[in-house]
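Visitor: Mind folding the following:
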Amino acid sequence: MAEEKIIRFGVLGAGKIGTFHTRTLAGLKKAGVSLVGVCDPDLMRAQKLAWEYNCTPYSKPEELIPQIDAVIIAAPTQLHHKLGMYCLENGIHTLVEKPIAVTMEEARDLIRLAKRKELVLQVGHVERFNPAVVEANKFIQDPRFITINRLGPYDPRMSNISVVLDLMIHDIDLLLTLVPSEVTSIDATGLSVFSAHEDIANVRFRFANGAVADITASRASFERARYMHLFQKDAYVSVDFMNARVKVYKKEKPVIESMQDVSVQYPKVEKQMPITAEQLHFINCIRTNRTPAPSGEKGSQALELALKITEQIQRFDIPKTTHLHTPKPFQMASNVARAAQIMLDETLGNMKRED
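Guide: Model (predicted):
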């Protein structure tokens, strides 16, 4: 059997996400990967990362692209279209971090070019590869009601986009995967707390098949939490994204007389980093010429819904002081934190994690 060709990889962006991708690629030599280099306008930052993972630093994509076969774009969202088009035009298989682009026109540009060049275009919806989600999928059948909560502290790096495009888009992509039906309506509310964009948002989705989903995303929380609950006929599936845990509660009798009539399963979840599974999927698609699961088309569908949500939130903007019932304008960080907590408690409901 002929030996598999080594795929030469590069990373565009040496920030937090670029560091994760670089570190992961450096450990995939057995998968037939060679990490050539990392590129960032800040050459010192690229140099530091390159030294750590034994590759070459670059400050200009034009210097790196001719030496590689595949690239991971971990640059700011505003650069996804420009960098993605350049890479694809030069025959490079491309994994672009979520969201795929800033606008639908940009997303369509990337998709069209990847098809014309017959290249793999994957979008970084890494939550699909969370081992808890992969395991939970085995038990999910026609969910009727879904709740997803993604809460975390404020990150100034992402202050240039809304929490919908920053965090919630992960769960929008999951919803479109879990519910094989068209979204018929969205009802969204959101509020800026720390940045000029929405830092907390809640959306109710209704699907043509009757399913309903409530999603909350916040970067104004002092605690980090990522969990999903799915209710379906005779069963309830609970997913803890952060701790990679799944619980399945199943009705065992037609009439429940006590909790003894409900079985509880704790499926074994494979221990693998989602980003590793994501990159291995990308590598496999390159080798087999397959369309990735989070394809450019899927990424654009998630972006389209996210843009509709942000548009609705901005159209029906909620006055900060009246909605949060605060007696004074925000003057201190403590007041802002308290206001965010009030909104979580009163408007979005009780967000305590199960168990």
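Visitor: Need the three-state assignment for residue 237.
Guide: Residue 237 falls in the strand class when you classify it by DSSP: H, G, I helix; E, B strand; the rest coil.
Visitor: Verify the stated contact: it with residue 230.
Guide: Yes - using CB atoms under 8 Å, residue 237 is in contact with residue 230, at 4.5 Å. The way it works is simple: take the backbone N, C-alpha and C, and place the C-beta from them, glycine included.
Visitor: any shared contact partners between these two?
Guide: Counting by CB atoms under 8 Å, 6 or more residues apart in numbering, the residues touching both residue 237 and residue 230 are 136, 140, 143.
Visitor: Looking at the residues you listed, which are in helices?
Guide: residue 136 (DSSP state H).
Visitor: can you map out the strands along the stretch 51-200 of the chain?
Guide: In the stretch 51-200 of the chain, the segments counted as strands under DSSP state E, counting those that start in this stretch are 56-58, 70-73, 93-97, 121-124, 145-151, 183-191, 200-207.
Visitor: Can you lay out those as JSON lines showing mean neighbour count?
Guide: As requested, the strands of the stretch 51-200 of the chain are arranged in JSON lines below (neighbours: other CB atoms under 10 Å):
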{"stretch": "strand 56-58", "mean neighbour count": "21"}
{"stretch": "strand 70-73", "mean neighbour count": "27"}
{"stretch": "strand 93-97", "mean neighbour count": "26"}
{"stretch": "strand 121-124", "mean neighbour count": "28"}
{"stretch": "strand 145-151", "mean neighbour count": "21"}
{"stretch": "strand 183-191", "mean neighbour count": "18"}
{"stretch": "strand 200-207", "mean neighbour count": "21"}
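Visitor: Compute the first-to-last residue distance for stretch 128-137.
Guide: Taking CA to CA, to the nearest Å, stretch 128-137 runs 10 Å from one end to the other.
Visitor: ugh, wrong one, I meant stretch 70-85
Guide: Start-to-end, stretch 70-85 (CA to CA) is 13 Å.
Visitor: so how far is that stretch off the chain centroid?
Guide: Per CA atoms, centre = their mean, to the nearest Å, the displacement of stretch 70-85 from the mean C-alpha position of its chain is 16 Å.
Visitor: now it: mean pLDDT?
Guide: pLDDT averaged over stretch 70-85 equals 97, rounded to a whole number.
Visitor: now stretch 201-212
Guide: On average, stretch 201-212 scores 97.
Visitor: what do you get for stretch 298-311?
Guide: On average, stretch 298-311 scores 96.
Visitor: Which residues does it contact?
Guide: Here stretch 298-311 makes contact (CB under 8 Å, 6+ apart) with 96, 98-101, 103-104, 107-108, 111, 123, 125, 162, 164-165, 168-169, 172-173, 176-177, 183, 186, 188, 190, 198, 201, 203.
Visitor: Pull out the buried residues from those residues.
Guide: The neighbour-count criterion (16 or more other CB atoms under 10 Å) marks 96, 98-101, 107, 111, 123, 125, 162, 164-165, 168-169, 172-173, 176-177, 183, 186, 188, 190, 198, 201, 203 among the contacts of stretch 298-311 as buried.
Visitor: Where does pLDDT dip in this structure?
Guide: Counting by pLDDT under 70, the ranges of the chain that qualify are 1-3, 257, 316-355.
Visitor: Go again with 50.
Guide: Scanning the chain for pLDDT under 50 picks out the ranges 1, 319-355.
Visitor: where do the helices sit along it?
Guide: Assigned by DSSP H, the helices in the chain fall at 16-26, 43-52, 61-64, 80-89, 104-117, 131-136, 163, 169-178, 274-288, 296-315, 320-324, 333-342.
Visitor: For these, could you give me TSV that also reports distance to residue 32?
Guide: Shown next, in TSV, are the helices of the chain (distance: least, CB to CB, whole Å):
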stretch	distance to residue 32
helix 16-26	12
helix 43-52	21
helix 61-64	20
helix 80-89	20
helix 104-117	22
helix 131-136	23
helix 163	38
helix 169-178	28
helix 274-288	7
helix 296-315	24
helix 320-324	53
helix 333-342	47
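Visitor: Packed most tightly, which of the ones you listed would that be?
Guide: Ranked by mean neighbour count under mean count of other CB atoms under 10 Å, the helices of the chain are led by helix 163, which reaches a mean of 29.
Visitor: tell me how far that one is from the chain's mean position?
Guide: Distance of helix 163 from the chain centroid (CA atoms, centre = their mean) equals 11 Å.
Visitor: Now tell me what touches that helix from outside.
Guide: Applying CB under 8 Å, 6+ apart, the contact partners of helix 163 are 190, 197, 198, 199, 200, 201, 217, 218, 219.
Visitor: what do you get if the cut-off is 10 Å, keeping everything else the same?
Guide: With CB atoms under 10 Å, 6 or more residues apart in numbering as the contact definition, helix 163 has outside contacts at 150, 152, 154, 169, 190-193, 195, 197-201, 216-220, 310, 313.
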